[in-house]
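K.L.:
This is a predicted model, with the sequence first.
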Amino acid sequence: MDTIHLDLGNSGYDIHIGADLLRQVGDMIQPLNLGRSLGLITHPALEAVYGSAVVASLERAGHVVTLLTVPPGEESKSLDQAARLCQALVRARLDRGSALLGLGGGVIGDLGGFVAAILYRGIPFVNLPTTLLAQVDSSVGGKTGVNLPEGKNLVGAFHQPRLVAADVLTLRTLAEREFRSGLAEVVKHGMIADRVLFQRLEEQADRILARDPPALQEIVRRSCTIKARVVEADEREAGLRAMLNFGHTVGHAVEAALGYGVITHGEAVAQGMLVAAALSVRRGLCPEADAARLRVLLNRFGLLGAPLPSPQSLETYMVSDKKARDGVVQFVLTRGVGSVTFAPISEREELRRAVRDALGNRFQ
Ligand SMILES: NC(=O)c1ccc[n+]([C@@H]2O[C@H](COP(=O)([O-])OP(=O)(O)OC[C@H]3O[C@@H](n4cnc5c(N)ncnc54)[C@H](O)[C@@H]3O)[C@@H](O)[C@H]2O)c1
Ligand SMILES: [Zn+2]
């Protein structure tokens, strides 16, 4: 097992990464001195596969567990679902001294973390992420929240977990497309801050795609370390945390232009990283060879086969991005594998050319 400590002073916590951790959750939370009563939120399908190992481990450690399930899918990240869970936990007699655990992907982490943030004005949260995206991205950083019909993640709170335990064995049951989607964020972390991680992804692609536990443990560890270090430096998203948006300006535009759910988040971010790299090459910041390595790796992970919106609709969505001011889009660019930089892009033509360079052969 590897442990990364996220140093946020009083709200710092450990992130454990390893194989078969779910059976040890009871032991792992002992030092936290949580109350006896615990809530556990998950999806029915995950309860069936992993629920009993987690509950048995918690009960062995002397806890009483109330297990609640929510349907899978983004729709569960709602105020209605949060209210239902709060009521169920109060009725189950969880009190101010109780804690909540979430077992699942980003949906469970965001929803469970949000419930923990608001119930009794905040109770401890323990995150047990089971998707690659959740293990390398959403479980680290303390952002929690739910969606409104008006948009995603519009209601939420910062609430750091007390512990994160990422069991890489759970990734073996993840749907292939979900797994590959999570790999896009791992590639992103390599691209912005860790050349060794990027190299490992290149060298170990076969083992990673076969979900070999030691190979997964290494990429999750390196990836989490990067997110943890960025969050430590910039807990509330002022400046540095923006580097995590590499590939996301165009990625979000691709998702919005196609309609959410048509392609995975990772597939959209993969296209976005190619455009960011093409812009960086055009500005003389990034060697062409590094942009080529990025393309080869994303292709190896099967992230470049998804449909694309028209260049016109892509541009419309990019300029309406919430980070765009007066048509100037703030871009996270790259200086090559492992190095990041920022620049405003105001020339529509420059953006058009980069989109054509990166994705041109794939537009009809
Ligand atoms: N808080 C943050 O900082 C942050 C960052 C990025 C994304 N997010 C949020 O994360 C969410 C997406 O998370 P996600 O990609 O993990 O999706 P998800 O939580 O919806 O999980 C994807 C699917 O995989 C299933 N699943 C989960 N673990 C499994 C396993 N081990 N085996 C088999 N099936 C499994 C789930 O039931 C679900 O159907 C979005 O709501 C997004 O807004 C939050
Ligand atoms: Zn992302």
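P.N.:
Ah, there it is. Ligands and ions are numbered 1, 2, ... in the order given.

K.L.:
CA only for contacts and neighbour counts going forward, please
P.N.:
Noted.

K.L.:
which residues of the stretch 251-364 of the chain fall in strands?
P.N.:
329-336, 339-345 (DSSP state E, counting those that start in this stretch).

K.L.:
Tell me which of the ones you listed is the most buried.
P.N.:
Among those, strand 329-336 has the highest mean neighbour count (mean count of other Cα atoms under 10 Å), at a mean of 24.

K.L.:
Would you check how far apart the nearest residue to I263 once chain neighbours are set aside and V296 are?
P.N.:
Leaving out its chain neighbours, the residue that sits closest to I263 by Cα to Cα, 6 or more residues apart in numbering is A306, at 6.5 Å. Per Cα to Cα, to the nearest Å, A306 is found 15 Å from V296.

K.L.:
Hmm, T130 and S139 touching each other?
P.N.:
No - the criterion here is Cα atoms under 8 Å, and S139 misses it with T130 at 9.9 Å.

K.L.:
Quickly list what's touching both of those two.
P.N.:
Listed as contacting both S139 and T130 by Cα atoms under 8 Å, 6 or more residues apart in numbering is no residue at all.

K.L.:
ok, these two, which is more surrounded?
P.N.:
S139 (32 against 28; other Cα atoms under 10 Å).

K.L.:
which ones are touching the more buried one?
P.N.:
By Cα under 8 Å, 6+ apart, the contact set of S139 is G106, G109, N127, P129, V164.

K.L.:
Also within reach of ligand 1: list those from the residues you listed.
P.N.:
Applying Cα under 6 Å from any ligand atom, the subset of the contacts of S139 adjacent to ligand 1 comprises G106.

K.L.:
Filter the contacts of S139 down to just the ones in strands.
P.N.:
The members of those that map onto strands under DSSP state E are N127, P129, V164.

K.L.:
From those, list just the buried residues.
P.N.:
Buried members of the ones in strands among the contacts of S139, counted by 16 or more other Cα atoms under 10 Å: N127, P129, V164.

K.L.:
list the contacts for V328?
P.N.:
The neighbours of V328, taking Cα under 8 Å, 6+ apart as the test, are V319, P344, I345, S346, E347.

K.L.:
Quickly note the distance from the third one to V319.
P.N.:
Yep, that's I345 we're talking about. Distance of I345 to V319, given as Cα to Cα: 10 Å.

K.L.:
shared neighbours of the two, which are they?
P.N.:
Joint contacts of I345 and V319 (Cα under 8 Å, 6+ apart) are V328, V329.

K.L.:
M318 is in contact with T249, correct?
P.N.:
Yes - assessed by Cα under 8 Å, T249 is found in contact with M318 at 6.7 Å.

K.L.:
in a strand, that's where E59 is, yeah?
P.N.:
No - in this structure, E59 is helix, not part of a strand, as judged by DSSP: H, G, I helix; E, B strand; the rest coil.

K.L.:
Next, find the distance separating it from ligand 1.
P.N.:
22 Å (Cα to the nearest ligand atom, to the nearest Å).

K.L.:
quick one: the helix or strand of the chain with the lowest mean pLDDT to chain centroid distance?
P.N.:
Every helix and strand of the chain was ranked by mean pLDDT, DSSP states H and E. The lowest is helix 311-319, at a mean of 83. Relative to its chain's centre, helix 311-319 lies at 25 Å (Cα atoms, centre = their mean, to the nearest Å).
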